[in-house]
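A.B. asks: Curious how this folds, go ahead:
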Amino acid sequence: MNTKLILPFALISALTLAACESRTEAPETPNPDAGNPEAFAEPVEEPDAPAETMSPEEMQQRREEIEQDAQQTFESIMEDSQEAGDTIVEMGDDAMSALSEQMTSAGDAIEVQIDTLVDNAAQMRDDNMTDEQKLQVVANVRSAAEEAARALGQTAPEVIAAGDTAEERARQVLGLE
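C.D. replies: Prediction:
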């Protein structure tokens, strides 16, 4: 029973001694950069310093080149800005045209609705209708025209104008002028 316990300890001790024997010795001269993360960093590029001092003529020429590059960059930016401004104006014009077209479409739709209401009133006309019945038809036509205008998103004055137009035309076809 004791040999079962001693054998694993002996095996572990032998492995430990074997691992220690293959150990690398420390270098005689220590490396000053060992363990220093900055030693492995990318070198920082220093700005190119002219090997020689520039003459006044070379400095003037270099200044003119820089000014010319700056002027070209400025002109390019201004051109791009102008194009962007033109695009925005064009988009605004397109939006206004679309809005105007929608307003025209709404106005046309109201006119068609009024025409239909007046035609229906004309078909209902009967020589035996009393003035009270005719006035009720006119009131119904006006109310329907105003509702149509509201449904198309018209303003309050536009709704009233649609009602006025429908009422006037219904009165004419029913002979209530």
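
A.B. asks: E158 - how many residues pack around it?
C.D. replies: 18 (other CB atoms under 10 Å). From N, CA and C alone the C-beta is placed, and that goes for glycine too.

A.B. asks: how close does it sit to A122?
C.D. replies: 25 Å (CB to CB, to the nearest Å).

A.B. asks: just I12 next, same as before
C.D. replies: I12 is 115 Å from A122, by CB to CB.

A.B. asks: In terms of neighbours, single out the busier of the two.
C.D. replies: A122 (14 against 10).

A.B. asks: Excluding sequence neighbours, find me the nearest residue to the more buried one.
C.D. replies: Nearest non-adjacent residue to A122, counting by CB to CB, 6 or more residues apart in numbering: V173, 4.3 Å away.

A.B. asks: I'd like to know which helix or strand in this protein has the lowest mean pLDDT.
C.D. replies: Sorting the helices and strands of the chain by mean pLDDT, DSSP states H and E puts helix 2-21 at the bottom, at a mean of 65.

A.B. asks: Could you report the pLDDT at S100?
C.D. replies: On pLDDT, S100 comes in at 65.

A.B. asks: Which strands and helices lie in contact with the longest helix seen in the chain?
C.D. replies: Across the chain, the longest stretch assigned as helix under DSSP state H is helix 56-124. Secondary-structure packing of helix 56-124 (3 or more CB pairs under 8 Å, 6 or more residues apart in numbering; DSSP states H and E): helix 131-151, helix 156-174.

A.B. asks: The residue nearest to A122 - how many residues pack around it?
C.D. replies: 19.

A.B. asks: Distance check, it against R142.
C.D. replies: V173 is 13 Å from R142, by CB to CB.

A.B. asks: again with T165
C.D. replies: T165 is 9 Å from R142, by CB to CB.

A.B. asks: which one of these two has more residues nearby?
C.D. replies: R142 (22 against 17).

A.B. asks: for the longest helix of the chain, the distance to its chain's centre please.
C.D. replies: Relative to its chain's centre, helix 56-124 lies at 16 Å (CA atoms, centre = their mean, to the nearest Å).
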